[in-house]
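1. Let's see this in three dimensions:
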Amino acid sequence: MSEVSKYTVPEEGLKATVEAMKNPSGTKFLSTEQCASLGLEAFIRWQSENPKVFSDEWIVQLVKEAGCADLLGANQFVLGMHQILDLFQRRMYLAPEPEVPEVPEVPEEIEDLLCGGNINTLITEAYRRGKASK
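-> Residues are numbered from 1 along each chain as shown. Predicted structure coming up:
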């Protein structure tokens with residue numbers, strides 16, 4: 001006996017997923033993981049570009065269920081929740097920004113060696129300075 005799903009897949013999200021899984025890369029075979037990744041990424045992109053619009057009543061019910069009903073009296077609270085939920089849906093699957101490694105400062109004594117010129121001359125000069133510093 002099959003179980004009835006309590007989840008629904010939005011029709012347009014399903015279309016985006018199926019379209020992405022039609023093997024656009026031109027390769028003959030895709031692994032299960034590659035296929036799943038293509039489909040999920042397409043659905044997530046569709047969802048972030050088409051966030052669900054919640055009714056005021058749904059937001060009020062959600063706030064009550066969260067035990068925050070006292071916030072409902074605040075001016076513009078429901079409008080603010082609409083904006084927060086919209087922004088959350090657009091960002092919830094975004095990959096984090098890559099960390100940019102900090103570039104160490106170049107000591108003044110060798111900065112001139114990094115500014116270009118004949119590579120052999122620069123290497124020779126770096127060697128000479130290294131020997132002289134001992």
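
2. hey, which helix is longest across the protein?
-> The single longest helix within the chain, with elements called by DSSP state H, is helix 32-49.

3. helices or strands next to that one in the packing?
-> Judged by 3 or more C-beta pairs under 8 Å, 6 or more residues apart in numbering; DSSP states H and E, helix 32-49 is in contact with helix 11-20, helix 77-91. Where you see a C-beta, it was placed from the backbone N, CA and C, and this is true even at glycine.

4. would JSON lines of those helices with mean neighbour count, mean pLDDT and distance to Leu62 be doable?
-> Below are the helices and strands packed on helix 32-49 laid out as JSON lines (neighbours: other C-beta atoms under 10 Å; pLDDT from 0 to 100; distance: least, C-beta to C-beta, whole Å):
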{"stretch": "helix 11-20", "mean neighbour count": "15", "mean pLDDT": "90", "distance to Leu62": "22"}
{"stretch": "helix 77-91", "mean neighbour count": "14", "mean pLDDT": "86", "distance to Leu62": "8"}
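
5. Which one, of these, ends up nearest to Ser48?
-> Distances from Ser48 to each of the helices and strands packed on helix 32-49 were compared by C-beta to C-beta, and the smallest falls on helix 77-91, at 4.9 Å.

6. now the angle from the longest helix of the chain to helix 77-91?
-> Angle, helix 32-49 to helix 77-91, by axes from the mean of the first three to the mean of the last three C-alpha atoms, to 10 degrees: 150 degrees.
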